[in-house]
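Colleague: Sequence and predicted structure, then a few things I'm wondering about:
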Amino acid sequence: MREVLCNLVSCRSAHFASNLGVVELCLALHQTFDFRHDRLIWDTGHQIYPHKLVTGRYPQFDTMRTKGGLMGYPNPNESEFDLFMTGHAGASVSTALGLASGDELERPDENRWSVAVIGDGAFPSGIVYEALNNVGRASRRLLVILNDNKMSICPRVGGVADYLDRLRMNRMYSGLKEEVVKVLGKVPLLGDPVERFLAQLKEAAKAGLHGGMFFEELGLHYFGPIDGHNIGLLRKYLRMIRNVEGPVLLHVVTEKGHGFRPAAEDPVLFHAPPQFERRAEEVVQMKKSSARAFTHAASNAIFQQMADNPKVTVLTAAMCQGTNLELVRDSFPDRFFDTGICEGHAVAFAAGQAKVGLRPIVDIYSTFLQRSYDQIFQEVALQNLPVTFMLDRGGLAGPDGPTHHGVFDLAYMRIFPNMVVMAPADEHDLSQMLELALKHDTPCSLRYPKGTLPAIVGERTPVEFAKSETLSWSDDGAIVSCGALLADCLKAADLLREEGINVGVINARFVKPLDSETMVRCLRDCGFVVTVEEGSLMGGFGSAVLELAADAGLSTNLVRRLGIPDQFIEHGERSELLADLGLDVAGIAAACRELAGAVSSVRQAFQPDI
Ligand SMILES: Cc1ncc(C[n+]2csc(CCOP(=O)(O)OP(=O)(O)O)c2C)c(N)n1
């Protein structure tokens, strides 16, 4: 199984170390339960590859994360063994509890088990405690497996991590396993297996080898920690647990990257490494891209602002590596805060900092920030606090697919009073927008995609509050670009010019407040208007332009909005998905061509006969 995982990563970037770490756990689970009958949820879902391999998807495994191929996360459309399409961390205990409770109500005679496997990185998510708080009253056949590998993407942080460390240090795990076996061995093998197991536990507890009081207090039976790479031991515990009445938490200890030395030694790099070549257990060559991405421009801009202003702080929610903030973390350790996978907390925490005069930057992927929607509303926007949101991966996330596409943020941010919403087209815009945000006295957000920085040639104008940038003008038609697709809009305009169609290009920069003067001018004076955004059409930038047109009493007959339609977009390379949606050069040019044709037929119809 590990060989198959290694072969995959030699073809393309994929989640790796987490999958290597759960091979034995996955096999032991499938050997003990029948998940056509029982229920299994892998929290987050990035460690689902071994499960896919044993549930009929080995033949398609080489299509993993490619368009039309297997998804890198659980996908109920692929298999009856995947129950929820997930990619966000922390919800597994709640959904497993719901499944267990539903089964107990609907089919009490079937004795189905619901199992949630959750990593120690996901475990501190607030929602997990909401679920644990509820567990005591609920299901008898709920098993939560805490897969403790001491890592989130980066080393895990926080008090829960310290608590788990203490549990791991207990004598049962640290070298005194034989003693436990001895203790357990004292209990006679005869009799009812449930009674026997509980008796064994009592004995173990008496021997002072039993930890996990916190979970016990919440109403779960706590077992462990046990070695998560020992299939025999795992199976033994799982079989015993099947006989226990009441919810159970099994704490297993694994090594992230287990079985491939470079991954075990550097699980951060190998969480989702770039494609690499290997020889046996050596990585010969890693195909890291040298192109500068929006994320690099963002972390660079954050670094500059923090160097210039001691009031600026930065918060990340377990994504220090993904947001490229390692240098910022190491250079400004007092003003860098990693909350773990706790986005809601991060936003409310930033609100507190802003209230007392700091200038916090919340740097979170667009899709994960959705977790903190109510804190954006209540703790930030309603208080009108100057928190700056930097939304990474704002747009299509590519091979991660629908759980990770950050396509709703323009819509979800712009509806809040006080919120300023910006979308930089390139590094020039991004750094100036951050500077503007940190001087502005209301909450601000700026979003940028996963992708390399485009080079926009020609003279640029400085970023000015609520002002767009007119790069070229034509009364015939206008492309109004919101964000990072500007370079493609410019290329489309060049292409059209060669065909004799003149189109101006506007860089909108602000979604809110809109540059209403320029937008009204486009709507009123240009033959047609095409808006372009890598975000949901519902409620996004194009919608804002239509609202403005309606309010100003202007016609929208020749306005076309390009963006993400009202559907979830599958996984694939970002460029492939953009092309499918007509958001590439060819698609933008085609929309303009069509509208230019419509304009000329309207004009011909109204031409007086000579
Ligand atoms: C809500 C949310 N925030 C952030 C992430 C990004 N993310 C994916 S996996 C991961 C680390 C998970 O750590 P853990 O649960 O311990 O699993 P491991 O990879 O260590 O096996 C993070 C932060 C996410 N998927 N969901």
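Modeller: That came through, no problem.

Colleague: what about the residue in the stretch 351-500 of the chain that the ligand sits nearest to, neighbour count?
Modeller: For the stretch 351-500 of the chain and the ligand, the shortest gap (C-beta to the nearest ligand atom) falls at residue 368, measuring 4.0 Å. Quick note: C-beta positions are derived from backbone N, CA and C, even for glycine. When neighbours are counted by other C-beta atoms under 10 Å, residue 368 registers 23.

Colleague: wait, isn't it in contact with residue 319?
Modeller: Yes - the pair residue 368 / residue 319 is scored as a contact, 7.4 Å apart, by C-beta atoms under 8 Å.

Colleague: Next one: residue 265 relative to residue 379, how far apart?
Modeller: Remark: distance between residue 265 and residue 379 (C-beta to C-beta, to the nearest Å) = 41 Å.

Colleague: Same check on residue 313?
Modeller: Separation of residue 313 from residue 379 (C-beta to C-beta): 16 Å.

Colleague: and what of residue 297?
Modeller: As judged by C-beta to C-beta, residue 297 and residue 379 stand 28 Å apart.

Colleague: likewise residue 431?
Modeller: Distance, residue 431 to residue 379, by C-beta to C-beta: 27 Å.

Colleague: what number of residues lie near the nearest residue to the residue of the stretch 351-500 of the chain closest to the ligand once chain neighbours are set aside?
Modeller: On the basis of C-beta to C-beta, 6 or more residues apart in numbering, the spatially nearest residue to residue 368 that is not a chain neighbour turns out to be residue 343, at 5.4 Å. Residues near residue 343, counting by other C-beta under 10 Å, number 30.

Colleague: Residue 603 now?
Modeller: Counted with other C-beta under 10 Å, residues neighbouring residue 603 total 10.

Colleague: My impression was that it belongs to a helix - is that right?
Modeller: Yes - the assignment for residue 603, made by DSSP: H, G, I helix; E, B strand; the rest coil, places it in a helix.

Colleague: near the ligand, which residues of the chain show up?
Modeller: For the chain, the contact set with the ligand under C-beta under 6 Å from any ligand atom comprises 18, 21, 44, 46-47, 87-89, 119-122, 149, 151-153, 256, 317-319, 341, 368, 371.

Colleague: Mind checking which of the residues you listed are in helices?
Modeller: Counting by DSSP state H, the part of the residues of the chain next to the ligand found in helices is 18, 21, 368.

Colleague: Settle this for me: the second one is touching residue 252, isn't it.
Modeller: Put plainly, it is residue 21. No - between residue 21 and residue 252 there is no contact under C-beta under 8 Å: 10.1 Å.

Colleague: tell me, what's touching these two both at once?
Modeller: Counting by C-beta atoms under 8 Å, 6 or more residues apart in numbering, the common neighbours of residue 21 and residue 252 are 147, 228.

Colleague: Which stretches in the stretch 351-500 of the chain count as helices?
Modeller: 366-369, 373-375, 409-414, 427-439, 486-498 (DSSP state H, counting those that start in this stretch).

Colleague: doesn't residue 249 fall inside a helix?
Modeller: No - read with three-state DSSP, residue 249 is strand and lies in no helix.

Colleague: just to revisit the earlier point, separation between the residue of the stretch 351-500 of the chain closest to the ligand and residue 523?
Modeller: 35 Å.

Colleague: again, but for residue 155
Modeller: As judged by C-beta to C-beta, residue 155 and residue 523 stand 52 Å apart.

Colleague: And for residue 474?
Modeller: 14 Å.

Colleague: and what of residue 476?
Modeller: Distance, residue 476 to residue 523, by C-beta to C-beta: 14 Å.

Colleague: Neighbour count: these two, which is higher?
Modeller: Applying other C-beta under 10 Å to residue 476 and residue 523 shows that residue 523 carries more neighbours, namely 23 against 18.

Colleague: Can you read off the backbone torsions of the one residue in the stretch 501-610 of the chain that gets nearest to the ligand?
Modeller: Distances between the stretch 501-610 of the chain and the ligand by C-beta to the nearest ligand atom are smallest at residue 571, namely 14.5 Å. As for residue 571, its main-chain torsions (degrees, to the nearest 10) stand at phi -90, psi 160.

Colleague: from what I can see it touches residue 396, true?
Modeller: No - with contacts counted by C-beta under 8 Å, residue 571 stays clear of residue 396, the gap being 9.4 Å.

Colleague: These two: which is more packed in?
Modeller: Ranked by neighbour count (other C-beta under 10 Å), residue 571 and residue 396 place residue 396 first, with 30 against 27.

Colleague: can you pull the contacts of that one?
Modeller: 405-407, 449-450, 534, 564, 569, 574, 577-578.

Colleague: Would you mind checking these for buried ones?
Modeller: Neighbour-count burial (16 or more other C-beta atoms under 10 Å) applied to the contacts of residue 396 gives 405-407, 449-450, 534, 564, 569, 574, 577-578.

Colleague: now those in CSV, with pLDDT and distance to residue 482?
Modeller: Shown next, in CSV, are these (pLDDT from 0 to 100; distance: C-beta to C-beta, whole Å):
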residue, pLDDT, distance to residue 482
405, 98, 16
406, 98, 14
407, 98, 13
449, 97, 12
450, 94, 17
534, 98, 8
564, 98, 12
569, 98, 18
574, 97, 17
577, 98, 18
578, 98, 14
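
Colleague: Select from those every entry located in strands.
Modeller: The strands, defined by DSSP state E, take in 534, 564 from these.

Colleague: from the buried ones among the contacts of residue 396, which two are the most distant?
Modeller: With distances taken as C-beta to C-beta, the most widely separated pair in the buried ones among the contacts of residue 396 is 450 and 564, at 14.6 Å.

Colleague: ok, the closest residue in space to residue 574 that isn't next to it in sequence - contacts?
Modeller: Nearest residue to residue 574, sequence neighbours excluded (C-beta to C-beta, 6+ apart): residue 398, at 4.1 Å. Contact analysis of residue 398 by C-beta under 8 Å, 6+ apart lists 450, 571-574, 577.

Colleague: Please report the distance of the nearest residue to residue 509 once chain neighbours are set aside from residue 418.
Modeller: Of all residues not flanking residue 509 in the chain, residue 468 sits nearest, at 5.4 Å (C-beta to C-beta, 6+ apart). To residue 418, residue 468 is 21 Å away according to C-beta to C-beta.

Colleague: Residue 110 now?
Modeller: 52 Å.

Colleague: more crowded one of the two?
Modeller: Taking neighbours as other C-beta under 10 Å, residue 110 and residue 418 compare with residue 418 leading, 16 against 11.

Colleague: wait, isn't the more buried one in contact with residue 442?
Modeller: Yes - applying C-beta under 8 Å, one finds residue 418 in contact with residue 442, separated by 4.7 Å.

Colleague: just for the stretch 101-250 of the chain, where's the confidence low?
Modeller: The stretch 101-250 of the chain contains residues with pLDDT under 70 at 137-138, 170-210.

Colleague: The nearest residue to residue 293 once chain neighbours are set aside and residue 229: what is the separation?
Modeller: The spatial neighbour of residue 293 that comes closest, neighbours along the chain excluded (C-beta to C-beta, 6+ apart), is residue 452 at 5.4 Å. According to C-beta to C-beta, residue 452 stands 39 Å off from residue 229.
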